[in-house]
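Q: Everything below, folded, please.
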Amino acid sequence: MCLQRAGGMLSAGSRRRVCASLLLVALVGLQACSSLPSTPTEIKRAALTAATDPNTWLPALGATLILVTDRDQAWSDRARREQPVFASAAAARRASDVLLYTSLGAALASSLWVSEDGAAPGRPNRLLVQLGAMTANGLVTQTFKLGVGRSRPDDSDTLSFPSGHASVAFTGATLTRRNLARLDLQAPLHTLLDVGVISLAAGTAWARVEAGVHYPSDVLAGAALGNFVAAFVNDAFLSEGGLAEGTLRANVQPLQGGMVLQLTQYF
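A: Numbering: from 1, shown residues only. Prediction:
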């Protein structure tokens, strides 16, 4: 299922639609896997939580809409031309690296900040699990890149979809947020840190668009993938997560001629 080999037989619009279909199929498949009765309880819950997390399906939906409406090229060109956040493509590239490493550093530092107690795994175990999540995300992202084979906006290679920087940065952000949730922080400080780590990841993603090395759909898909893998691995192996109060759950049901997206808010 490599689009690069089939590129000569498909139009650009067709390839974009195939990419969108792959993304939707992946999300529906994850949703189905999370409901398998043979899956261990913690893995089932982790998969369900990760797949129905708005930080997974909202950017995935955004990437899909951009792809099917064929807005990628126009928005990419505008970002490269106007540089609304960074002064130049070179500055955007440098910023993306700095923000990425900061996001990863925050995840690793916060994993060591979580106290050991009777209800949670100790620091070494948490650190190892979260390093495993980062490794798993890197492998999954690279597999998608090689399978899709999409050319970058600057035509430097065919590893544009999904964005590795965005995927890794949102993996770091999700792990950091999981760690912050285990800390006894005052609400204002918790909110400030939460917004800060999300901003780091979002800044990393947008910098890649302004640098001209990714399309908007690339970074949105990377964000969805990074959040899913991080949430799934963390919650499955550390026995955290679940459908807590305030969780928004999504459920996709096929119908003849289409499908139904059902959203449920838990209170």
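Q: Does residue 212 touch residue 80 like I think?
A: Yes - Residue 212 lies in contact with residue 80 (C-beta atoms under 8 Å); the separation is 4.7 Å. (C-beta placed from N, C-alpha, C; glycine too.)
Q: can you pull the pLDDT of the closest residue to residue 190 other than its chain neighbours?
A: Ranked by C-beta to C-beta, 6 or more residues apart in numbering and with sequence neighbours excluded, the top spatial neighbour of residue 190 is residue 180, at 6.1 Å. The per-residue pLDDT reported for residue 180 equals 91.
Q: Over to residue 45?
A: Predicted confidence (pLDDT) for residue 45: 83.
Q: CA atoms of the strand or helix carrying it as CSV?
A: Residue 45 is part of helix 41-52 when elements are defined by DSSP states H and E. Extracted as CSV, the C-alpha positions of helix 41-52 are listed here (Å, rounded to 0.1, in the frame of the first residue of the first chain):
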residue,chain,number,x,y,z
THR,A,41,-9.0,-4.5,30.2
GLU,A,42,-6.3,-1.9,30.5
ILE,A,43,-5.4,-2.0,26.8
LYS,A,44,-9.0,-1.8,25.8
ARG,A,45,-9.5,1.3,28.0
ALA,A,46,-6.3,2.9,26.9
ALA,A,47,-7.1,2.4,23.2
LEU,A,48,-10.6,3.8,23.7
THR,A,49,-9.4,6.8,25.7
ALA,A,50,-6.7,7.6,23.1
ALA,A,51,-8.9,7.1,20.1
THR,A,52,-11.8,9.2,21.4
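Q: Show me what counts as buried in it.
A: 42-52 (16 or more other C-beta atoms under 10 Å).
Q: Just want to know which of residue 212 and residue 80 has more residues nearby.
A: residue 212 (20 against 17; other C-beta atoms under 10 Å).
Q: contacting residues around stretch 86-98?
A: 80, 83, 85, 165, 203-204, 207-208, 210-213 (C-beta atoms under 8 Å, 6 or more residues apart in numbering).
Q: Kindly recompute the last result at 6 Å.
A: 165, 204, 207-208, 210-212 (C-beta atoms under 6 Å, 6 or more residues apart in numbering).
Q: Do me a favour and average the pLDDT over it.
A: 93.
Q: same thing with stretch 199-209?
A: 95.
Q: Next, the buried residues of that stretch.
A: 200-209.
Q: on that earlier part again, counting neighbours, what do you get for the residue nearest to residue 190?
A: 20.
Q: Could you report the distance from it to residue 107?
A: Remark: distance between residue 180 and residue 107 (C-beta to C-beta, to the nearest Å) = 10 Å.
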